[in-house]
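1. Got a predicted model here, sequence first, then my questions.
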Amino acid sequence: QGPVCTNLGLKPGQRLTAKGKIAPNAKSFVMNLGKDATLLGLHFNPRFDAHGDVNTIVCNSKKVEEWGAEHRETVFPFQKGGTAEITFSVNQNDVTVHLPGHQFTFPNRLNLSVFDYFDTQGDFTLQSLSWE
């Protein structure tokens, strides 16, 4: 478990950028964005080799203990032992995830008007977090 940020106050039109280092023997890492730890608007989970997925990004939402339908991205711009910069742009109805050379959107299934919570877990060391 990495740092946990609360009271971010991210609203549509704003974005959050996380930069860090991926472990040399990484299996997967997670970034969660939401209202709090129980209401996750975006669970972002790049998997090098975990849960039966290889080099796949799995995204989901979570409402208390209930997960939504998984969304998979096959573009995988991450390398073990490398660095990563990921930007989450909050829009009215979705979140745009900006990766090196690729971007995709994930719907705001929980209709969150503000994203206050961010955490990282797994084989990733957060080096900087910025928002605007």
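-> Done, it's in.

2. Looking at Gln1 now. What's its pLDDT?
-> Taken from the predicted model, the pLDDT recorded for Gln1 is 78.

3. can you pull out the strands in the protein?
-> For the chain, the strands defined by DSSP state E cover 4-5, 15-22, 29-34, 39-50, 53-63, 66-67, 71-73, 83-90, 94-99, 102-107, 117-122, 124-131.

4. List the contacts of Gln103.
-> With contact set as Cβ atoms under 8 Å, 6 or more residues apart in numbering, Gln103 has these partners: 96-97. Yep, even glycine has a C-beta here, placed from its N, CA and C like the rest.

5. and the gap between it and Val97?
-> If you measure Gln103 against Val97 using Cβ to Cβ, to the nearest Å, the figure is 6 Å.

6. try Ser113
-> From Ser113 over to Val97 the distance is 19 Å, taken as Cβ to Cβ.

7. One more: Thr105?
-> Taking Cβ to Cβ as the criterion, Thr105 is separated from Val97 by 7 Å.
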